[in-house]
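**Q** I would like the atomic coordinates for the input below:
(2 chains)
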Amino acid sequence: MELHEKKLQFLEEMANKIRRDLIGALIEAKSGHSAGPLGMADIFAAMYFHVLNHRPSQPNWPDRDRLILSNGHICPVQYAAMANAGYFPVEEFKSTLRKLDSRFQGHPHRGSLPGLETTSGPLGSGISQAIGMALAARLNGGKYRVYCLTSDGEHQEGNTWEAIMFAGKQKSKLNNLTVIMDRNNIQIDGFTEEVMPLESLREKYESFNWHVIEVNGHDIQEFVSAVNEAKAIYEKPTVIIAHTVPGKGVSFMENNYLWHGNPPGKGPENLVPKERQGAEALKELRTLQGQIKSEHE
Amino acid sequence: MLNKNAKLSVKIFAQDIEQKPTRDGYGEGLVFAGEGNSNVVVLCADLTESTRSEAFSKKFPERFFEVGVAEQNLATIAAGMGISGKIPFISSYATFSPGRNWEQIRTTISYNDSNVKIAGAHAGISVGPDGATHQAIEDIATMRVMANMKVFVPCDAIEAKKATVAAAKLWGPVYLRFGREKMPVFTTEETPFTPGKAEIFWESSGKGNRAKKPQAAIIACGSLTHYALLAAKELDEEGVGVCVVNCHTIKPLDENTILEIAKRCGAVVTAEEHQISGGLGGAVSEFLVKKYPVPMEFIGMKNVFGESGEPKELMEKYGMGVKDIKNAVKKVIARKK
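**A** Model prediction:
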């Protein structure tokens, strides 16, 4: 289904707002991950502002779709998307992330915030938990769908493959489960294919009896179409492999694994010195990497 | 003498007392809990028969999930179900679950406050011939140290059933510890069982020609509760009075009962089929050292692994026999000022 042009424009603008908010929060926090959250902003905008059937004012609504974030370290993008969707104030997120007594923990904790479906951080346990929720829906007669966002790097965890194997066995019983993999090719120690090769991911999933769709993770129309395709697959669970650019939207962070685990102000200085990284990142996002002239220039 | 209020079996010291492993009680408890609440589900990692999950799987096939040899997946699928309104019990051997999947239990069950019950079968060295790889002797410690986790170690098959049924009704993460080997069924349906409440099973009376008033308390759990009662009976005949406390809930610890018994007896021996560090003995001593320090001795594994052998041989070789408990009682009494 084609998205209305205005809707698509709204989602793209929301993704940019999410990027600016999460960069603002990371600058204030002085620690946290930059590349992964920026790379997933388009998908999170699409999820919280189009795909998910949810009610931010009623976070425990039983029929809500579930979104499980398996790679918890990219939580700034989830917090920013949820804040903009109305789950909690954007300003609280931007000013308290990772600080003492904050609801915005460095890695997501279910008990700390409304609307968080689970706790994550240690990698590789999200798909299994999503399976548990999807099976519970079957037992309860629940109509909701379960989406698990996972990273490529955590496909080096044994627990991830245990989950993929189990889900393949369940066949149509788990057609209410969609896994969305952030295929950004980086992890802390370097490029995935050098640290521990993952390819061929498509063939691996297919051999475990999953339906596989590959998309450009920055093309919201393409991503939404893939989500709709997954809903129409009856006989098995679906994985959407979303090819993304880590650090997307901030040119000096893009595709550089050294930005995986650093906030602006603490990243590599090959392109921008530390003291200017925060301001430069925000400026690039405001001007869409120079496409729009800043009002202050 | 036996505490009448504990309503223990009349055959408690008889040779022909019924023998059953505690895992059998788990299996019966699962079916009972499943009948009482349709949200109870069971997941197992390729050990359906030996963890006694089989009866549940046959009676409620739609609520039983075989995950194969994958304990990390076992814990994390259950975590997802437990925060979606289900009451999952996960069955495996304790060395594998909560052994191999400790971090998943920590993050996705305990910190996540997911309503999952972890059943570790084949705990202790009385697993026997399978050897040390299959004898869990660290599991009480690794579960007790986790915030938000409750820990039950039932002393016989009847108490195991009660603990399983109670766990289904209690909100939140629970670890249940079971053994492989047959052992006397010495409690009865009428024996009190309240989570978090230790029970006095034996107390020397100080009357007639019998032993004096209690000079030491034996606080025991699991298979060693019956051993402690055998030791108490022999000590009584030798003129040494003791109390025996069945401490089936390691966490939360019944501090009131333990404090009261420590004050009354003035010395404590703990007994468990587990490493001395971090288990029941650790829990009791951490508490008493703050509130009422008394001389203590510890029966358990002494920082070593087990080995293959017959259960009874192993219990004696590793210092957990009736004789060892008696010696520890005499030693702790001698240390009293």
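**Q** measure stretch B:231-244 end to end?
**A** Start-to-end span of stretch B:231-244 (Cα to Cα, to the nearest Å) is 10 Å.
**Q** Buried ones in that stretch, by neighbour count?
**A** B:231, B:232, B:233, B:235, B:236, B:240, B:241, B:242, B:243, B:244 (16 or more other Cβ atoms under 10 Å in any protein chain shown). (C-beta placed from N, C-alpha, C; glycine too.)
**Q** try stretch A:63-78
**A** A:64-78.
**Q** just checking: which of those also lie near chain B?
**A** Near chain B, judged by Cβ under 8 Å from any Cβ of the partner chain, the entries from the buried residues of stretch A:63-78 are residue A:68.
**Q** Most widely separated two among the buried residues of stretch A:63-78?
**A** Using Cβ to Cβ, the two most remote members of the buried residues of stretch A:63-78 are A:64 and A:73, lying 24.3 Å apart.
**Q** could the buried residues of stretch B:231-244 go into CSV alongside secondary structure?
**A** Shown next, in CSV, are those (DSSP: H, G, I helix; E, B strand; the rest coil):
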residue, secondary structure
B:231, helix
B:232, helix
B:233, helix
B:235, helix
B:236, helix
B:240, coil
B:241, coil
B:242, strand
B:243, strand
B:244, strand
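**Q** Which one of the residues in the stretch 101-250 of chain A is closest to chain B?
**A** residue A:132 (2.2 Å; Cβ to the nearest Cβ).
**Q** what helix or strand does that residue sit in?
**A** Using DSSP states H and E, residue A:132 maps to helix A:126-140.
**Q** Please name every helix or strand in contact with that helix.
**A** Helices and strands touching helix A:126-140, by 3 or more Cβ pairs under 8 Å, 6 or more residues apart in numbering or on different chains; DSSP states H and E, are strand A:66-69, strand A:146-151, helix A:158-170, strand A:177-183, helix B:71-82.
**Q** Can you show me the CA trace of the last one as CSV?
**A** These are the backbone C-alpha positions of helix B:71-82, laid out as CSV (Å, rounded to 0.1, in the frame of the first residue of the first chain):
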residue,chain,number,x,y,z
GLU,B,71,18.4,-23.4,28.0
GLN,B,72,19.0,-19.8,27.1
ASN,B,73,16.0,-19.9,24.8
LEU,B,74,14.1,-21.8,27.5
ALA,B,75,14.5,-18.9,29.9
THR,B,76,13.9,-16.1,27.5
ILE,B,77,10.8,-17.5,25.8
ALA,B,78,9.4,-18.0,29.3
ALA,B,79,10.4,-14.4,30.1
GLY,B,80,8.3,-13.1,27.2
MET,B,81,5.3,-15.3,28.3
GLY,B,82,5.7,-14.3,31.9
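**Q** now residue A:52: how far from chain B?
**A** Separation of residue A:52 from chain B (Cβ to the nearest Cβ, to the nearest Å): 16 Å.
**Q** Between strand A:146-151 and the helix holding residue A:132, find me the angle.
**A** 180 degrees (axes from the mean of the first three to the mean of the last three Cα atoms, to 10 degrees).
**Q** roughly how far out does helix A:126-140 sit from the chain middle?
**A** 19 Å (Cα atoms, centre = their mean, to the nearest Å).
**Q** Go through it and flag the buried ones.
**A** Those would be A:126-137, A:139, for helix A:126-140 by 16+ other Cβ under 10 Å.
**Q** can you list the residues of chain B near chain A?
**A** Checking chain B against chain A by Cβ under 8 Å from any Cβ, the hits are B:41, B:62-63, B:65, B:67-68, B:70, B:72-73, B:76-86, B:88, B:103-104, B:107-108, B:111-113.
**Q** which residues of chain B fall in strands?
**A** B:19-20, B:40-44, B:64-66, B:87-93, B:117-121, B:150-152, B:174-177, B:183-184, B:199-203, B:216-220, B:242-246, B:249-251, B:268-275, B:296-301 (DSSP state E).
**Q** got the contact list for the last one?
**A** The reference is to strand B:296-301. For strand B:296-301, contacts defined as Cβ atoms under 8 Å, 6 or more residues apart in numbering or on different chains pick out B:125, B:137, B:224, B:267-276, B:279-281, B:284-285, B:288, B:318-320, B:324-325, B:328-329, B:331-332.
**Q** ChimeraX command for the buried members of the residues you listed?
**A** If you want just the buried ones from those in ChimeraX, going by 16+ other Cβ under 10 Å, the selection is:
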select /B:125,137,224,267,268,269,270,271,272,273,274,275,276,279,280,281,284,285,288,318,319,320,324,325,328,329,332
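**Q** List the ones among the contacts of strand B:296-301 that fall in helices.
**A** The helices, defined by DSSP state H, take in B:224, B:280, B:281, B:284, B:285, B:288, B:324, B:325, B:328, B:329, B:331, B:332 from the contacts of strand B:296-301.
**Q** Max pairwise distance over those: which two?
**A** Among the ones in helices among the contacts of strand B:296-301, B:288 and B:324 lie farthest apart (Cβ to Cβ), at 21.2 Å.
**Q** give me the number of residues near residue 51?
**A** With no chain named, the answer covers chain A. 21 (other Cβ atoms under 10 Å in any protein chain shown).
**Q** Wait, chain B was what I had in mind.
**A** 27.
**Q** thought it was touching residue B:92?
**A** Yes - between residue B:51 and residue B:92 a contact is recorded at 6.5 Å, counting by Cβ atoms under 8 Å.
**Q** Next, show the common contact partners of the two.
**A** In contact with both residue B:51 and residue B:92: B:44, B:119, B:121, using Cβ under 8 Å, 6+ apart.
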